[in-house]
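Q: Predicted structure and sequence below. I'll ask about it afterward.
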Amino acid sequence: MNISLELMLQLCIIIPFLATFSIVASRRYPNLRESVTLSTCIVLIFLVVTLYQGLSSGKSISAYWWELLPGLTISFDIEPLGMLFALVASFLWLVTTCYAIGYMRSHQEKNQTRFYMCFAVAIGAVMGLAFSANLFTLFIFYEVLTLSTYPLVTHAGTEKAKKGGRTYLGILLTTSIVFFLLAIVSTWLVAGTLDFKPGGIFADNVDKVIASTLLVLFIFGIGKAAIMPFHRWLPAAMVAPTPVSSLLHAVAVVKAGVFTVLKVCTFIFGLDLLAQLPSTQFLLYLAGASVLLASLVAMRQDNLKARLAYSTVSQLGYVTIGALLATSSGVIGSAMHIAMHAFGKITLFFCAGAILVTLHKSKISEMRGIGLQMPITMIAFFIASLSIIGVPPTGGTWSKWYLMMGTIETEQFVLMVILMLSSLLNIAYLLPIPFHAFFPKLISFKTSDKLSGTTNITEESLPSFEIKEAPLPSLIAIVITTLGCLTLFIYPQPLFDLASAILTGRE
Amino acid sequence: MITHLPILQVITPLMAAPICLLLNRSQLVWMFSLLASGLAFLISILLLQQVMISGVISYELGGWQAPWGIEYRIDKLNAFLLLIISGISTVVLVAAQTSIEKEIPKDKYTYFYVLYLLSLTGMLGIVATGDAFNVFVFLEISSLSAYALIAMGQKRQALWASYQYLIMGTIGATFILIGIGLMYQMTGTLNMADLSQRLPEVAQTRTVFVSFVFVIVGVCLKLAMFPLHLWLPNAYAYAPSIVTAFFAATATKVAVYLLIRFTFSVFGLSFSFTTIPLQTLFMALGLIGIFIASATAIYQKNVKHIFAYSSIAQIGYMIVGFSLSTVTGLTATLLHMFNHALMKGAIFLALAAVIYRVGNVELNHFRGLGRQMPLTMAAIVIGGLSLIGVPLTVGFVSKWYLLTALVEQGWWPIAVLILLGSMLAVVYVWRIVEVAYFKAPLDENIKVKEAPVSFLIPIWTLVIANIYFGIDTRLSVQVAKGAAQSLFGVSP
Amino acid sequence: MIIGLFNHWVVIILMMIGLYIVIAHGNLIKKLVGLTIFQTSVFIFYISIAKVDGGTAPILADGITQYSNPLPHVLILTAIVVGIATTALGLSLVVRIKETYKSIEEEEIQQQDNEEQLTKHKTEDSA
């Protein structure tokens, strides 16, 4: 095929949107509908990988659509950070679709066409967001992402889903319109441009008070990054079906948030300016508090998905901290953490969903001994937990390493302690789950029983030993992402290259 | 022919009205009205084109020279307004015949179209004319036909709403009349362009001051600006749906036009904003209006009421933009006039379709409509998103300009308040969405069908316009900016 | 000064009487009467400002040099027509209100509307 890279870039964004039409057209034939989705995924990955090769060979790839308002264009430009995000998102979309086919069918969900349609729109929005060349384009896709995921969050259509959706939309729209939009307009007036430029777009003599205020507005405005106190939407959105939670709320939506934070920090403010601003310090501690508090809250959750949700809030704080540290290792750590956490967290969510569809369990206290029934799932859970905690042999090690380096370089020892403490908390709230699952009897003496609430474990209450794994497509997805966690430990090089190229410009 | 366009703009619907009476066959009358309105739309496009190319068009009625004769003066501002009014009127008329089937007794069809055309004439006349007294005459033509149209509503409350509107509207119009009289007393002229030349000489007199206040208060009554908005919600809610769609999209815009015309062109910028603290007053009233009206909208049980209050809130945005008295602020106001016409036109037409199928628009009758009338509900949702100001809809464009205008002048707190106010729109729009998509229908046995095509075509024309002008903003921004710049005397 | 502008005073007094009736009276007919008085005051205002002392009707005739200004008089003819139309429309509305509400008192109408609203919501809530 002989298509220019520019065209491919645009196709990346358009194809998922076009896919919605074919999904609707094939709504009466589930098999056809799902193969449409799957083939779109594969085409998308092919496109993104080709673009990646183009970028690696040093080409500059950009596209210009049109001028929405005078001076404000919808245009795209590929840089390493966006590439990284796009790679992760497009790959995990394929895996999730695979998983969703197994999950949605065995769970007999309704409105599956709407589900796949909104999913495709959301991915299209993520692609647009990742490749956007200016803040204005980014904002538009940011809002499209919010709106397209609302029907997914409220998929069940129950009263609870409606409430969750209300919180979800309320917080994300309010923060983005009240703070984010205001910050964008102000930036536009102060700097005269909204293009992403390495080193920032503000003049050197910009008023520090204004810049500080803008930074606060940005960090609060990007509600998808779930910095406390604007994190409530994330647990609320857990009413969604598990594939949605896993892709959108462990990967696409939240990562779109922290991705935006990283973009704003590095390409709007620039690390030099960022380091000088008084509000950076304040926001660092806020993010630190967010990391620690969310971990503490996670420990108290008995619902597995809620625990994972709070864990996500906490992990997102890491990325924000990395961005705000304003050093190269901080940024590298953040960028890598976007990918590492994506693989780890999506595996965890997949496992949670697999347990739900096969054993119909969603509470952690009910999950004793299930390791004997679902060994593959629970091993995957264990490995993914390690990745979130950040211990070898999983990918999470690298990103945490760079983040730590960042805190040491900037002598933010308080933050270093917070990061370490949080890792300990990660161990405390994640590892007992697979542990309980494989050794149901031993646990009854452990203190962690108080957490899970049940005490008397008798032989009868223990589950049978019959192996009953998740549906095959779902299981395949789980294995793929788990292998991903491990592979990223052994071959972090491409990822690292991309991350370190963020600051130096193109590779 | 081309040189007579300004008068043809007004006279086409005016002449069509009595002809309708002669035709007196409902289908025929409808087609004819549609034709007349379409013709007016065509003329307005030609006028706008001409104005954009060659500047202000002056047309002397009957060949009597201004300032003695009546002059029609078309500049960018009124060409833009003419386009909005005649465009919306035409689109709305497409659905009219189907809609009134269920809402108006058969023997009144002809009168309905006659009144509709007269109302259209009035609005076009107000905008086209360059003569202050002529404004009053056309204002009354459009208002009188509006009272009668509203009184045609199904419920008896329509009568009461119409009566209240009549009292308030007449007081407003008479205030404007007093203001015009005082101006004439001081200057001896009624031509707006001439007035703007002569008023500065006598600007210091109390008479001019009083006339200014009378005009402003009168216009604000017509505008339904908070706190003079009380007539509007009931008038909109109980009027026949087609009438609501037409008025919600156009009537208040005409009043905003008058406000801009009188303050900027006739009295002049420096007079208007220095003699009384118009900026503080309007900004405060605009903001309060946004919050109170939006908050009231949240608690309404009738969806027409919800959007009627939302209209009052949207007027607040226009007023805030206006009160800044900067080019960007005025551009925001003008853009929002255009954009709001598109949103409210689409929403109220969709509500007309709901009335046609369901019989009323009480909120709890919306249950399950998301499935039963997917296209109609989707139109309401997109219109609602546009009201909220989501990117890629027209609402975002005007919000962007309003924000730019506010931040440019350093009004940060106001900008935050405006944005918070727009969040209230999320609440009232989402109340409808939740009922329509998450609640099961009231009665499963009653099958509600999707609206007929004669509704869907105009509704979706407006919805697509909502999106199209949110993506391709060249036309609207260029015209609005040009109009704002010429009002400030800045050459573009 | 005060006496010289007595026409203004007349106008203002009439205007206030008219407005007062519109606001204070609950009877729909009386409101319309007030509205008419209010409008008439404006007509008088227009007519009186156009009158020039010693001027006659603007008819060209020998020996007459001073005329009253005819323009406002013509204008107000239009306004009077508009006023009549308004009153006629208002009265016909009142007739129809009387037919459906069996009353022309503002309070009673309002009360009927409120009660209707209440009963409707009650039946809906119970349903």
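A: That came through, no problem.
Q: So which bits of the longest helix anywhere in chain C are buried?
A: The helix spanning the most residues in chain C, taking DSSP state H as the definition, is helix C:70-101. With burial defined by 16 or more other C-beta atoms under 10 Å in any protein chain shown, the residues of helix C:70-101 counted as buried are C:71-73, C:75-76, C:79, C:82-83, C:86-87, C:89-90, C:93-94, C:96-97, C:101. Where C-beta positions appear, they are placed from N, C-alpha and C, glycine not excepted.
Q: Around chain B, which positions in chain C sit nearby?
A: By C-beta under 8 Å from any C-beta of the partner chain, the residues of chain C that approach chain B are C:19, C:22, C:28, C:31, C:35, C:38-39, C:42, C:45-46, C:49, C:72, C:75, C:78-79, C:82, C:85-86, C:89-90, C:93-94, C:96-97, C:100-101, C:109, C:113, C:121, C:124.
Q: Low-confidence stretches in the stretch 401-507 of chain A?
A: A:441-466, A:505-507 (pLDDT under 70).
Q: Which residues does the strand or helix carrying residue C:10 contact?
A: Secondary-structure element containing residue C:10, defined by DSSP states H and E: helix C:6-24. Outside helix C:6-24, the residues that touch it by C-beta atoms under 8 Å, 6 or more residues apart in numbering or on different chains are B:167, B:171, C:2, C:30-31, C:33-42, C:44-45, C:48-49.
Q: Can you tell me the element the residue in the stretch 251-400 of chain B positioned nearest to chain A falls in?
A: Closest contact between the stretch 251-400 of chain B and chain A, by C-beta to the nearest C-beta, is at residue B:391 (4.2 Å). In the assignment (DSSP H and E), residue B:391 maps to no helix and no strand.
Q: biggest strand in chain A by residues?
A: Across chain A, the longest stretch assigned as strand under DSSP state E is strand A:62-69.
Q: pLDDT (mean, whole number) over that strand?
A: Averaged over strand A:62-69, pLDDT sits at 82.
Q: Share the number of residues neighbouring residue 18, please.
A: Because you didn't say which chain, this covers chain A. The local packing count at residue A:18 equals 13, with neighbours defined by other C-beta atoms under 10 Å in any protein chain shown.
Q: was after chain C, sorry
A: Other residues within reach of residue C:18, judged by other C-beta under 10 Å, total 22.
Q: quick one: it from residue A:363, how far?
A: Distance, residue C:18 to residue A:363, by C-beta to C-beta, to the nearest Å: 74 Å.
Q: coming back round to it: got the contact list for whichever helix or strand comes after the longest helix of chain C?
A: The helix or strand immediately downstream of helix C:70-101 is helix C:106-126, counting by DSSP H and E. Contacts made with helix C:106-126 from outside it, assessed by C-beta under 8 Å, 6+ apart, are listed as B:157, B:160, B:301, B:362, B:364, C:26-28, C:31, C:97, C:101, C:103.
Q: same deal with stretch A:389-403?
A: Residues from elsewhere that reach stretch A:389-403 (C-beta under 8 Å, 6+ apart): A:318, A:321-322, A:329-330, A:332-334, A:336-337, A:339-341, A:343-344, A:383-384, A:386-388, A:419, A:423, A:426-427, A:430-431, A:484-490, A:492, A:495-496.
Q: So which elements touch the helix or strand that contains residue A:427?
A: For residue A:427, the enclosing helix or strand under DSSP H and E is helix A:413-430. Using 3 or more C-beta pairs under 8 Å, 6 or more residues apart in numbering or on different chains; DSSP states H and E as the contact definition, the elements that helix A:413-430 packs against are helix A:278-299, helix A:304-325, helix A:375-389, helix A:396-409.
Q: Burial-wise, tell me which of the ones you listed comes out on top.
A: With neighbours defined as mean count of other C-beta atoms under 10 Å in any protein chain shown, the helices and strands packed on helix A:413-430 peak in mean count at helix A:304-325, which reaches a mean of 27.
Q: that older thread, can you tell which of the helices and strands packed on helix A:413-430 is closest to residue B:425?
A: For the helices and strands packed on helix A:413-430, distance to residue B:425 was read as C-beta to C-beta. The smallest value, 28.4 Å, belongs to helix A:304-325.
Q: which strands and helices sit next to the closest one?
A: For helix A:304-325, the contact count by 3+ C-beta pairs under 8 Å, 6+ apart identifies helix A:233-236, helix A:242-247, helix A:253-263, helix A:278-299, helix A:328-359, helix A:396-409, helix A:413-430 as packing neighbours.
Q: What count of nearby residues applies to residue A:197?
A: Residues contacting residue A:197 under the criterion other C-beta under 10 Å number 14.
Q: re the thing from before, which one, of the helices and strands packed on helix A:304-325, ends up nearest to residue A:163?
A: Among the helices and strands packed on helix A:304-325, the nearest to residue A:163 by C-beta to C-beta is helix A:233-236 (7.5 Å).
Q: by contact count, what packs against the closest one?
A: Based on contacts counted as 3+ C-beta pairs under 8 Å, 6+ apart, the elements that helix A:233-236 packs against are helix A:159-174, helix A:304-325.
Q: Rebuild these as a markdown table, extending it with mean pLDDT.
A: Conversion of these to a markdown table gives the following (pLDDT from 0 to 100):
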| stretch | mean pLDDT |
| --- | --- |
| helix A:159-174 | 88 |
| helix A:304-325 | 88 |
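Q: Point out where chain B drops to low pLDDT.
A: Residues of chain B meeting the criterion pLDDT under 70: B:1, B:490-492.
Q: what sits against residue 213?
A: In the absence of a named chain, this looks at chain A. By C-beta under 8 Å, 6+ apart, the neighbours of residue A:213 are residue A:279.
Q: That was the other one, I meant chain B.
A: By C-beta under 8 Å, 6+ apart, the residues touching residue B:213 are B:179, B:276.
Q: Am I right that it is in a strand?
A: No - with DSSP: H, G, I helix; E, B strand; the rest coil as the criterion, residue B:213 is assigned helix and is not in a strand.
Q: pLDDT score assigned to the residue in the stretch 201-350 of chain A that chain B sits nearest to?
A: Residue of the stretch 201-350 of chain A nearest chain B, by C-beta to the nearest C-beta: residue A:213 (8.6 Å). The pLDDT attached to residue A:213 in the predicted structure is 88.
Q: Report the central residue of the chain.
A: Assuming you mean chain A. Closest to where the C-alpha atoms of chain A average out (C-alpha atoms, centre = their mean) is residue A:251, at 2.7 Å.
Q: I was after chain B.
A: Taking C-alpha atoms, centre = their mean as the criterion, residue B:250 is the residue nearest the geometric centre of chain B, at 2.5 Å.
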